[in-house]
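Using only what follows, build the 3D model:
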Amino acid sequence: MCASSPIAGHSRSASQCPDLDLLRAIAVLLALLGHFIEYSGFHNPVFEKWKSDTDELAHFAVLMFFIHTSLVLMMSLDRLRRSVTDA
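Prediction:
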């Protein structure tokens, strides 16, 4: 997590946190890889085993993306709440 996040008491936005950006990028790439493999149509016994493993990884990536989105929304709401109470 970003060291200067609102959780640590700072006002840095979630979009400025490289850790969250990296998490989002990994989740998107894994999900895209899973979709590519699912719809690619390759038929190879070795590839079929890798395809099932990648499918599980793609589902995990989607879960990571949902968690990331929830975290960003919570951080944004917290920042909005603080700006309203400070005004």
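
which ones are touching D55?
D55 makes contact with 34, 37-38, according to CB atoms under 8 Å, 6 or more residues apart in numbering. In this view, the C-beta of every residue, glycine as well, is placed from N, C-alpha and C.

State the distance from it to F36.
11 Å (CB to CB, to the nearest Å).

next one: D53
For D53, the distance to F36 (CB to CB) stands at 14 Å.

Ok, L22 next?
Counting by CB to CB, the gap from L22 to F36 is 21 Å.

Check L63 too.
Taking CB to CB, one finds L63 at 19 Å from F36.

where does this protein dip in pLDDT?
Residue ranges of the chain with pLDDT under 70: 1-16, 41-50, 87.

what about the helices in it?
For the chain, the helices defined by DSSP state H cover 18-40, 45-86.

from what I can see E38 touches E56, true?
No: shown here, E38 and E56 do not form a contact pair, counting by CB atoms under 8 Å, at 11.8 Å.

L57 - nearest residue in space that isn't next to it in sequence?
The shortest distance from L57 to any non-neighbouring residue, by CB to CB, 6 or more residues apart in numbering, is to L30 (5.6 Å).

Nice, that's everything, thank you.
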